[in-house]
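**Q** using only what follows, build the 3D model:
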Amino acid sequence: MNVVFVSRVQMNPYVTLLAAAMEQIAPGVTCTIRDDLSPCWLWRKRREIDVLHLHWTELLYASNTWRGAWRKWLRFISGLGLAKLASARIAYTVHNLEQHEGRYSLLNRTANALLFKVADIVHVHDERTRAAVAERFGCQRSLVVIPHGNYMSYPNTCSREEARARFGIPQQTFVYLALGQIRPYKGIEELLKAFGRLPERNCKLIIAGHVHDPAYGERIEALAAQDERVILSLAYVPPEEIQYFMNVSDICVLPYLHATTSGAAILAFSFGKPVIVPRLGDFPQLVGERRGLLYNAQDPHALLNALRQARQFDLVSASAEAFALARELDWRVIARQHLQVYAGTLEHKSRKKHEGRER
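**A** Model (predicted):
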């Protein structure tokens, strides 16, 4: 089986981990990862691709200008049409129901409408997203639920003491961490405002990650400068350094304004870190009452109250529960589930082709 993954995301190893696990458990499977859906390339490889698995498709036509977005969108639609004509099985993983920044929403809606219509497999990570996709796009038959894998492949050899020494933070200081790309939908401004109202001085907030928009980064810097307890590291965090940020912290804060997939929570769990999250997306199901704290995103005081509550939360038990769940989310198990779905749709394709010849 030849599987081609299409993804432009480089900072998240999701696709790389899935592809590696597939090749590890099934020697007859070959995986290729591409960052575009080139019509020319698709035409040349049309007889070699069994499954075309798309991820974060909105990035395939992202651009700073409407003309650029339109041109890339046409390229994407052409590639999608060629793949269908070539009889490749098309799979699509729904990482986001909407573009995070809401740019070029018309192109996005049109692309989604076509994508959900032609996809043989629509993959979601949880039941809540399955229900939302079925209701919005009417593709009940092709929907499959397979969970998000863990990030336990990241290095994790430094101790809490070593991490604290690296940052110059005393052992008794309570540390909140917000790690990941710095983008408006992740609620970093709201977090800084809530943290600024915490009266306790023996605590720190670390915000670390790549800034998607420099102007937004400047707003974050201005807010952070108002509180000496805030530590900013507005740059891409390499995989080998994630352990220092995770192990210096007591709890991770993910104050998202909207969410579909909770990969950031699974990243925290992979390091045994409980989380503070809003009741959005699949956070409630994933976190429950044992792996972190949930708050009402509509309540303007809820995030502050959750930050306070974290100081009295049973972090030891929550950490153990979080790590146990991360271990269950083994990429080899998840890859096997994907391959079973692929095989099912390829068998269906072969059967239909055989029936057509008999007629």
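
**Q** who touches the most centrally placed residue in the chain in this structure?
**A** The chain has Gly263 as the residue nearest its centroid, 4.1 Å off, counting by C-alpha atoms, centre = their mean. Going by C-beta atoms under 8 Å, 6 or more residues apart in numbering, Gly263 touches Asn12, Tyr14, His148. Where C-beta positions appear, they are placed from N, C-alpha and C, glycine not excepted.

**Q** top of the residues you listed by neighbour count?
**A** His148 (23 neighbours; other C-beta atoms under 10 Å).

**Q** now do that one against Phe271, distance only.
**A** 16 Å (C-beta to C-beta, to the nearest Å).

**Q** pop the domain breakdown of the chain in here.
**A** 2-149+330-358, 160-328 (automatic domain parsing).

**Q** so for the last one, mean pLDDT?
**A** To tie it back to what came earlier, the one meant is domain 160-328. Averaged across domain 160-328, pLDDT comes to 95.

**Q** got it, and stretch 118-137?
**A** Stretch 118-137 comes out with an average pLDDT of 91.

**Q** can you give me how far that stretch is from the chain middle?
**A** Averaged C-alpha coordinates place stretch 118-137 at 16 Å from its chain's average position (C-alpha atoms, centre = their mean, to the nearest Å).

**Q** can you give me the end-to-end span of that stretch?
**A** 12 Å (C-alpha to C-alpha, to the nearest Å).

**Q** what lies in contact with that stretch?
**A** Residues from elsewhere that reach stretch 118-137 (C-beta under 8 Å, 6+ apart): 54, 80, 84, 89-94, 97, 112-113, 116, 139-140, 142-148, 260-261, 281-282, 285-286, 338, 341-342, 345, 349.

**Q** just the buried residues from these, in ChimeraX please.
**A** To isolate the buried ones among the contacts of stretch 118-137 in ChimeraX, judged by 16 or more other C-beta atoms under 10 Å, type:
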select :54,80,84,89,90,91,92,93,94,97,112,116,139,142,143,144,146,147,148,260,261,281,282,286,338,341,342,345
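
**Q** let's see which of the contacts of stretch 118-137 end up in helices.
**A** Leu80, Lys84, Asn112, Ala113, Phe116, Gln285, Leu286, His338, Val341, Tyr342, Thr345, Lys349 (DSSP state H).

**Q** tell me which of the residues you listed has the lowest pLDDT.
**A** Lowest confidence among those: Lys349, with 59.

**Q** contacting residues for the closest residue to Arg183 other than its chain neighbours?
**A** What sits nearest to Arg183 in space, not counting adjacent residues and going by C-beta to C-beta, 6 or more residues apart in numbering, is His212, at 4.5 Å. Neighbouring residues of His212 by C-beta under 8 Å, 6+ apart: Gln181, Ile182, Arg183.

**Q** do the same with Ile77
**A** Shown in contact with Ile77 (C-beta under 8 Å, 6+ apart): Ala111, Leu114.

**Q** and it, that's in a helix?
**A** Yes: remark: Ile77 belongs to a helix, assigned using DSSP: H, G, I helix; E, B strand; the rest coil.

**Q** if I look at it, how far off is Asn108?
**A** As it turns out, when the distance is counted by C-beta to C-beta, Ile77 lies 12 Å from Asn108.

**Q** same check, this time on Gln285
**A** On the measure of C-beta to C-beta, Gln285 and Asn108 end up 26 Å apart.

**Q** go on, Ile276?
**A** 30 Å.

**Q** neighbour-wise, which of these two wins?
**A** More crowded of Ile276 and Asn108, by other C-beta under 10 Å: Ile276, with 24 against 20.

**Q** so the more buried one makes contact with Leu307?
**A** Yes: using C-beta atoms under 8 Å, Ile276 makes contact with Leu307 at a distance of 6.9 Å.

**Q** overlap in contacts of those two?
**A** Tyr176, Val253.

**Q** ok, the closest residue to Ala83 other than its chain neighbours - contacts?
**A** Take Ala83 and drop its neighbours on the chain: the residue closest to it by C-beta to C-beta, 6+ apart is Leu52, 5.1 Å away. Residues near Leu52 by C-beta under 8 Å, 6+ apart: Val4, Val6, Ala83, Ala88, Arg89, Ile90, Ala91.

**Q** narrow the residues you listed to those in strands?
**A** Those of the contacts of Leu52 mapping onto strands are Val4, Val6, Arg89, Ile90, Ala91, per DSSP state E.

**Q** the first one: neighbouring residues, count only.
**A** By other C-beta under 10 Å, the residues close to Val4 number 23.

**Q** circling back to that earlier point, export the ones in strands among the contacts of Leu52 to TSV and tack on pLDDT and distance to Gly28?
**A** Output for the ones in strands among the contacts of Leu52, formatted as TSV (pLDDT from 0 to 100; distance: C-beta to C-beta, whole Å):
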residue	pLDDT	distance to Gly28
Val4	97	16
Val6	97	22
Arg89	94	16
Ile90	95	21
Ala91	96	18
